[in-house]
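# Below is the sequence, then the predicted model.
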Amino acid sequence: MRLERLTSRDDPRLDDFRDVRDRDRRQGGTFLVEGEVPFRVQAARGRHATRAVLLAEGRDEKLADALARLPGDTPVWVLPQREMDGVVGFAIHRGVLAVCARREPESVDEVLADAPADAVVVVALSVVNHDNVGGVFRNAAAFGARAVLLDGVTCDPLYRKAIRVSAGASLFVPFARETEPRALVATLVRAGYHVAALSPRADATPVSRLPRPGRLALIVGAEGPGLDDAVMRAASSVVKIPMAAGFDSLNVATALAIALHERSR
């Protein structure tokens, strides 16, 4: 890495870090990693290249071990906290930002290639809340899922907040998109996966009866509307998490964690 201490927020080399909230709304070939935990994950095992790092004064010493993992030509700029706040457009208490270059998107077939006989993948359909997407990736990493597959509606797992909520998991868990959900289910079935759709439907099979061993794909949908009927018809099974009488609602990431834990037992 190339570490340099700056004094002014007006340095043109900092343009990639300016007006972070506006940048979040723009699409492009880069994304931002914010906070110590996600940055450490990115430095240690991220699948995307780190282009530059901006730190508040004092953070460089605390993060010296993570910074040492970066390629030698990676610029690392250190600013006084007040000047860094002025660059990013708000009080960034975490004091750590990295600009990363997105790797070329992988296809579903590429992500599924060479999967072991007991592989588990997660499928998220129409999940448009960044906190929930981050939670999905965090759970996928925690329980050893091979990949996360997304439809065209689910929000970007490399959005700054989604990365933070995922504790950096979306930086290393492989993911791919398929616009048409039923085509995604069909691809998984052809690849030898039992496709289990999570739903609170009364006639669904208890999640404790998930098949094992064998390849498994767990599908979760948006909170509220849940999964489309056509997706559930195309799935190998529909499974539910039994709950107390009169209540059948769990956060999507929580429901996924329970299902993944059941499979891992």
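Cool, got the structure.

# ends of stretch 41-51, how far apart?
15 Å (C-alpha to C-alpha, to the nearest Å).

# start the count at 5, not 1, going forward
Done: numbering now begins at 5, and the last item shifts to stretch 45-55.

# List the buried residues in that stretch.
By neighbour count on 16 or more other C-beta atoms under 10 Å, the buried set for stretch 45-55 is 45, 46, 47, 50, 52, 54. C-beta here means a position set from N, CA and C on the backbone, and glycine is covered the same way.

# The first one in helix, strand or coil?
Reducing the assignment to helix, strand or coil with DSSP: H, G, I helix; E, B strand; the rest coil, the entry for residue 45 is helix.

# Distance check, it against residue 138.
13 Å (C-beta to C-beta, to the nearest Å).

# Now the common contact residues for these two.
residue 173 (C-beta atoms under 8 Å, 6 or more residues apart in numbering).

# Show residues contacting stretch 200-207.
Identification of contacts with stretch 200-207 by C-beta under 8 Å, 6+ apart yields 211, 214, 220-225, 230-231, 235-236, 239-245, 247, 252-253, 259-260, 263.

# Whichever of the residues you listed end up buried, select them in PyMOL.
The following PyMOL line selects those of those that are buried, judged by 16+ other C-beta under 10 Å:
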select buried, resi 211+214+220+221+222+223+224+225+230+231+235+236+239+240+242+243+244+245+259+260+263
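
# Tell me, how many residues neighbour the residue lying closest to residue 235 once chain neighbours are set aside?
Excluding its sequence neighbours, the residue lying closest to residue 235 (C-beta to C-beta, 6 or more residues apart in numbering) is residue 185, at 5.1 Å. Neighbourhood size, residue 185 [other C-beta atoms under 10 Å]: 23.

# per-residue confidence for residue 186?
For residue 186, the pLDDT comes out at 93.

# ok, residue 103 to residue 268 distance?
35 Å.

# Could you single out the nearest of the buried residues of stretch 45-55 to residue 181?
residue 52 (16.1 Å; C-beta to C-beta).

# Is the nearest residue to that closest one once chain neighbours are set aside bridged to anything, and to what?
Excluding its sequence neighbours, the residue lying closest to residue 52 (C-beta to C-beta, 6+ apart) is residue 104, at 4.6 Å. Beta-bridge partners recorded for residue 104 (DSSP bridges): residue 35, residue 54.

# Residue 104 is in contact with residue 33, isn't it?
No: with contact defined as C-beta atoms under 8 Å, residue 104 does not reach residue 33; the gap is 9.8 Å.

# neighbours of residue 196, just the number please.
12.

# Oh, that last question was meant for residue 67, not what I typed.
Close neighbours of residue 67, defined as other C-beta under 10 Å, add up to 19.

# before we move on, what about residue 234?
Residue 234 has 11 nearby residues by other C-beta under 10 Å.

# Next, the contact list for the residue nearest to residue 52, please.
So residue 104 contacts 34, 35, 36, 37, 46, 50, 52, 53, 54, 55 (C-beta under 8 Å, 6+ apart).

# pLDDT wise, what is the fifth one at?
The model reports residue 46 with a pLDDT of 98.

# repeat for the first one
With respect to pLDDT, residue 34 scores 93.

# Pull the contacting residues for it.
20, 55, 103, 104, 105, 106.

# let's go with 10 Å and repeat that
By C-beta atoms under 10 Å, 6 or more residues apart in numbering, the residues touching residue 34 are 20, 27, 52, 53, 55, 56, 103, 104, 105, 106, 162.

# What residues sit buried inside stretch 10-22?
If you call a residue buried by 16+ other C-beta under 10 Å, then stretch 10-22 has these buried ones: 10, 13, 18, 21.
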